[in-house]
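> Sequence first, predicted model second:
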Amino acid sequence: MSPAELKRAAAARAVGLVEDGMRLGLGTGSTAALFVELLGERVRAGLSVVGVPTSEATRVAAEAAGIPLTTLDAAPDLDLTIDGADEIDPQLRLIKGGGGALLREKIVAAASRRMVVIVDGAKRVETLGRFPLPIEVVPFGLVATTLAVAAALRSTGCAGPLAVRKGADGAPFVTDGGHFILDAGLSRIPDPEALGRALVAVPGVVEHGLFLGLATGAIVAEAADGQPRIVTLGAA
Ligand SMILES: O=C[C@H](O)[C@H](O)[C@H](O)COP(=O)(O)O
């Protein structure tokens, strides 16, 4: 089975969690995009929901799918957020931000009573860190911030290269919030909570891609005999 087929299976299961009248956080990335597409089918069939997109890309996709949208300011308490992830560990701790949407994703997840993560089985890890950790920083003082981030990484037992994420044109990738992303290739993160605390203490760091204590459940689609097999973690 291809990763795309597994992602679709996880997204399809997640659509079943949506109930009439819900206020939804709509995640970002290829898996969340499949959820938006499938949710749009249910909306066109009569389901009444309202969504808060976590990126401009998701806003465009949700509008195209016919999903009514609002802002987090108008609906600051969401019932359910469905989002993808780059990694998930057994404690439902996540690395997110591979698509650069981590800041809005984290704000929306924190404003939701439930956050259910949809992933293919390849995203499951015992220890976070194989996926480079995205760290969103303001462009001003980039070199000083990068040095301080490197010190924060070392102070929590992490080591590895830090690189400014580049776009297809070779220029720094700019997030929806107008910030840059540092990707930290750490291999493993021994203490994600300590690293999270150290990173938010660095002036210039806006947010990091460690989602700790936010996911309430996960839907994992694994390949089993050529068919997707759904495994749920937590409350999903
Ligand atoms: O910034 C992007 C998000 O955190 C995505 O949810 C994450 O990168 C997973 O994306 P995908 O479903 O495309 O693997």
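Great, that's in hand.

> What residues does the chain have near the ligand?
27-32, 83-86, 96-102, 105 (Cβ under 6 Å from any ligand atom). Bear in mind the C-beta positions are built from the backbone N, C-alpha and C, glycine included.

> Kindly tell me how buried Met1 is, as a neighbour count.
18 (other Cβ atoms under 10 Å).

> before we move on, back to that, could you pick out which of the residues of the chain next to the ligand are located in helices?
30-32, 102, 105 (DSSP state H).

> Are any of those buried, and if so which?
Buried members of these, counted by 16 or more other Cβ atoms under 10 Å: 31-32, 102, 105.

> tell me the domain ranges of this structure?
Here the domain parsing of the chain from automatic domain parsing is 3-125+212-234, 133-208.

> Can you add mean pLDDT and give these back as TSV?
Output for the domains of the chain, formatted as TSV (pLDDT from 0 to 100):
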stretch	mean pLDDT
domain 3-125+212-234	98
domain 133-208	98
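
> Packing partners of the helix or strand Ala10 falls within?
Ala10 belongs to helix 3-15 when assigned by DSSP states H and E. With contacts defined as 3 or more Cβ pairs under 8 Å, 6 or more residues apart in numbering; DSSP states H and E, helix 3-15 has these neighbours: helix 30-44, strand 112-120, strand 217-224, strand 227-234.

> who touches the residue most central in space within the chain in this structure?
The centre of the chain sits closest to Lys96, judged by Cα atoms, centre = their mean, with a distance of 4.1 Å. Counting by Cβ atoms under 8 Å, 6 or more residues apart in numbering, Lys96 makes contact with 83-86, 102, 105-106, 134, 209, 211.

> Of those, just say which sits nearest to the ligand.
For the contacts of Lys96, the residue nearest the ligand by Cβ to the nearest ligand atom is Gly84; the value is 3.1 Å.

> Restricted to strands, list the contacts of Lys96.
The members of these that map onto strands under DSSP state E are 83, 134, 211.

> what's the closest of the residues you listed to Gly196?
Phe211 (9.3 Å; Cβ to Cβ).

> For the closest residue to Ala9 other than its chain neighbours, grab the count of nearby residues.
Spatially, and ignoring its direct neighbours in sequence, Ala9 is nearest to Pro228 (3.6 Å; Cβ to Cβ, 6 or more residues apart in numbering). Residues near Pro228, counting by other Cβ under 10 Å, number 20.

> I am finished for the moment; much appreciated.
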